[in-house]
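A.B. asks: Give me coordinates for this.
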Amino acid sequence: MEFSQILYAKENRVATITLNRPDKLNAYSEVMVHEILAALADARDDNDTRAIIITGAGRGFCSGGDISRDFQYPARYRGHRMESLLEMRENMHQLVAFLRRFDKPTIAAVNGPAVAGGLTLALCCDFRLAAESARLGDTSLKFALIPDEGGAYLFPLYMGLQNALKMSLFSEVYPAQQAKELGLVTEVVPDAELMTTARAWAERLADGPPIAIRITKRMMYKQQTMELENALEDAALGTMVVNYCEDVKEGTTAFHEKRKPEFKGR
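C.D. replies: Residues are numbered from 1 along each chain as shown. Modelled structure (predicted):
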């Protein structure tokens, strides 16, 4: 694959997607969004890829949507009465929905500012590792815009309604440690250790039983909107897949033989 606005690499069962518009703090464009989608689709379909890291080039993670002076809606939408709706629906909303449905574990390595849609992108990942110098928040209203990429749903989900309202309505951006205390970040690490830590987490996930990890992830997301009875039934259905996998036998055998299991995803 050839990309112009992201970097994409796979090594040791981990795929890394690097947003690559450092001169714009990795503000997303239509091209970038569709390149991320293509990379994620490749990682999804590659059985050898078991975990994904998303990070940014340069000094930023993602500053949200590109609102620079040279930004224009794609030609096919320009002049349409619903151009902004179509642009969101066919671009960033596709990425948000894809990531939230993605069943392999994902880690956002937040190396710098993650604001507005950039924060939404980070929250779409399962884990957010933030460098100490990173800053996270929502600046949409500074430009009389709204958190339209999915932030109005995700911000309250992770930090509670009152904190989300305060962040968005006052256009607040928080240091990494404060963002962790608010629920937006999983762990804060020294800047120099960010990618090493993200890589270690991803490789640990890649060593795990891939089928059980994927089903566990999907169960936890789905069951947030279920009653207990439905959640228990969903779990029981999951066992119909997992309990008959070869990995279960390998895990049990490795335990008794006092060795590290080698899960094959079968």
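
A.B. asks: show me what contacts the most centrally placed residue in the chain?
C.D. replies: Centrality entry for the chain: nearest residue to the mean C-alpha point is residue 125, 2.3 Å, by C-alpha atoms, centre = their mean. Going by C-beta atoms under 8 Å, 6 or more residues apart in numbering, residue 125 touches 54, 99, 106-108. C-beta coordinates here come from the backbone N, C-alpha and C atoms, glycine included.

A.B. asks: SS state for it?
C.D. replies: coil (DSSP: H, G, I helix; E, B strand; the rest coil).

A.B. asks: before we move on, which element is residue 3 in?
C.D. replies: Assigned by DSSP states H and E, residue 3 falls within no helix or strand.

A.B. asks: ok, it touching residue 39?
C.D. replies: Yes - in terms of C-beta atoms under 8 Å, residue 3 counts as a neighbour of residue 39; the distance is 7.3 Å.

A.B. asks: So for these two, which sits in the more crowded spot?
C.D. replies: residue 39 (23 against 17; other C-beta atoms under 10 Å).

A.B. asks: who touches the more buried one in this structure?
C.D. replies: 1, 3, 6, 8, 15, 17.

A.B. asks: Check the offset of the host helix or strand of it from the chain's centre.
C.D. replies: Residue 39 belongs to helix 30-45 when assigned by DSSP H and E. How far helix 30-45 lies from its chain's middle: 12 Å, per C-alpha atoms, centre = their mean, to the nearest Å.

A.B. asks: Tell me which helix or strand comes right after it.
C.D. replies: With DSSP H and E, the next secondary element past helix 30-45 is strand 51-56.

A.B. asks: residues in contact with the nearest residue to residue 254 once chain neighbours are set aside?
C.D. replies: In space, and not counting its chain neighbours, residue 254 is closest to residue 261: 3.7 Å by C-beta to C-beta, 6 or more residues apart in numbering. Neighbour list for residue 261: 209, 247, 250-251, 253-255 [criterion: C-beta under 8 Å, 6+ apart].

A.B. asks: one more time with 10 Å
C.D. replies: Each residue near residue 261 by C-beta atoms under 10 Å, 6 or more residues apart in numbering is listed here: 207-209, 247, 249-255.

A.B. asks: Kindly supply the ChimeraX command isolating those of the residues you listed that are buried.
C.D. replies: The buried residues among the contacts of residue 261 can be selected in ChimeraX (16 or more other C-beta atoms under 10 Å) with this line:
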select :207,208,209,247,250,251
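
A.B. asks: Turn the contacts of residue 261 into TSV, including distance to residue 178.
C.D. replies: Compiled in TSV, the contacts of residue 261 are given as follows (distance: C-beta to C-beta, whole Å):
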residue	distance to residue 178
207	33
208	31
209	36
247	40
249	46
250	43
251	40
252	44
253	46
254	42
255	41
